[in-house]
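Student: what's the 3D shape of this:
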Amino acid sequence: MFKILFVALLLSPIMGLAQILTPATPITITKTWSQQPSGYTYPISISVPPGLVPPDGFPVCILLHGNGSQNLGNLAGPPMISQGQFGSTLPCHILVAPTGYQNSWNICAENSDAPDLEMIHDLVNLSISNTNDNLIPYLGGPSVVGANFLPAETAAFNIATHKGHTGSILTSGTVTGSGTTAITEYSYLSGGVVHIKGSAGHQANGTQKAYITNYFSDCDAVTGVEEKDLPKIKVYPNPATKLVNVTFDSSLVGSDYTVYDHMGRTHLFGKINSENINIDLTGLSKGIYFLSIGVDSKHVTKIMKE
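Tutor: Presented below is the predicted three-dimensional model:
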């Protein structure tokens, strides 16, 4: 199932192609239209995970930033790949970030009349909106970007209906987290269309980034690793910048633990000497890691380092 993220930007994963892509691979897509009769070639930035390519290839995500930098000397695409954006959120995906004509797309009141849909034509399955976004109003209506938006929950419902949902709009959802990092999930079609409500302004907070990673099962397709027996292991905060607190079932006390990356490289290890321990992530780079308990790895969960 194709999944695309919409957060005032689009993110669309497509399987395959990984065997031939590198960060230096030139991708040339040129279109002509009234504004560019001689043709416009989309600048396209690429990020490829390090290490061996899995047999079925890496999943690929296409990132589209809406109406980016007003300084046309700065491209809107490359920052989407940086570690502060989706480079750390989806470390096991190839990321492809094109820049539209005049840093815009052929939508709403943006500057471009380019035939962007000829380049991007996937459907939107996952939407993330923030109630305090000052550019994209959560409750809908006119915006400073020149568009008149539908309410975010209505937009998600319309997408779900287009994809086969026959019920009513959801009026309540599942809450994860607390305080300013809390999110509410509205899920249609068994997770085929999901709307996430948060309060991170025109950004994404740690809870939202973790949801994105889990929604796309980011490293599962690459490593074959799935989280198992999660009720026995609780990790918080997750994502974390320094220390994570890990709570274990009493049956796991005395077991060894290992923290490794998506390439299977061990970064941290130790022994569980109580039902609650701290693991110091300070020396790790930003990204997704796996906490494995015991030599048979029956208990595995993900840890995100920010």
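
Student: Between the two ends of stretch 136-154, how far is it?
Tutor: One end of stretch 136-154 to the other measures 14 Å (Cα to Cα, to the nearest Å).

Student: hmm, who's touching it?
Tutor: Contact with stretch 136-154 is made by 8, 66-67, 107-110, 127, 129-132, 134-135, 155, 158, 169-170, 186, 195, 197, 202, as judged by Cβ atoms under 8 Å, 6 or more residues apart in numbering. Where you see a C-beta, it was placed from the backbone N, CA and C, and this is true even at glycine.

Student: ok, 6 Å please
Tutor: 8, 67, 108-109, 129, 131, 135 (Cβ atoms under 6 Å, 6 or more residues apart in numbering).

Student: Widest-spaced pair of those residues?
Tutor: By the measure Cβ to Cβ, Ala109 and Thr131 form the most distant pair in the contacts of stretch 136-154, at 23.4 Å.

Student: who has more neighbours, those two?
Tutor: Thr131 (14 against 11; other Cβ atoms under 10 Å).

Student: Contact partners for the more buried one?
Tutor: For Thr131, the contact set (Cβ under 6 Å, 6+ apart) comprises 138, 199.

Student: Look up how far Ile196 lies from it.
Tutor: When distance is defined by Cβ to Cβ, to the nearest Å, Thr131 is 11 Å away from Ile196.

Student: returning to that earlier point: looking at the contacts of stretch 136-154, which one is closest to Ile27?
Tutor: Once Cβ to Cβ is applied, the member of these that ends up nearest Ile27 is Asn67, at 22.1 Å.

Student: That closest one is in contact with Ser104, isn't it?
Tutor: Yes - assessed by Cβ atoms under 6 Å, Asn67 is found in contact with Ser104 at 4.8 Å.

Student: residues shared between the contacts of these two?
Tutor: Residues touching both Asn67 and Ser104 by Cβ under 6 Å, 6+ apart: Glu110.

Student: low-confidence ranges in the stretch 151-300 of the chain?
Tutor: Scanning the stretch 151-300 of the chain for pLDDT under 70 picks out 216-232, 262-263, 295-298.

Student: which stretches of it form helices?
Tutor: 152-162, 206-215, 220-223 (DSSP state H, counting those that start in this stretch).

Student: what would the contacts of stretch 136-154 look like in a markdown table with pLDDT, distance to Leu75 and secondary structure?
Tutor: Compiled in a markdown table, the contacts of stretch 136-154 are given as follows (pLDDT from 0 to 100; distance: Cβ to Cβ, whole Å; DSSP: H, G, I helix; E, B strand; the rest coil):
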| residue | pLDDT | distance to Leu75 | secondary structure |
| --- | --- | --- | --- |
| Ala8 | 34 | 17 | coil |
| Asn67 | 71 | 13 | coil |
| Cys108 | 74 | 20 | coil |
| Ala109 | 74 | 21 | coil |
| Ser129 | 81 | 25 | strand |
| Thr131 | 86 | 30 | coil |
| Leu135 | 79 | 20 | coil |
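
Student: If Cys268 is in a bridge, with which residues?
Tutor: Slight slip there: residue 268 is Leu, not Cys. Per DSSP bridges, the residues bridged to Leu268 are Val259.

Student: Tell me, how many residues neighbour it?
Tutor: Around Leu268 there are 16 other residues, counting by other Cβ under 10 Å.

Student: wait, doesn't it sit right on Tyr260?
Tutor: No - applying Cβ under 6 Å as the test, Leu268 and Tyr260 come out as separate, 8.4 Å apart.

Student: Next, show the common contact partners of the two.
Tutor: Joint contacts of Leu268 and Tyr260 (Cβ under 6 Å, 6+ apart) do not exist.

Student: Identify the residues contacting the most centrally placed residue in the chain.
Tutor: Note on the chain: the residue nearest the mean C-alpha position is Ile212, at 3.9 Å, using Cα atoms, centre = their mean. Contacts for Ile212 were tallied using Cβ under 6 Å, 6+ apart; they are Thr89.
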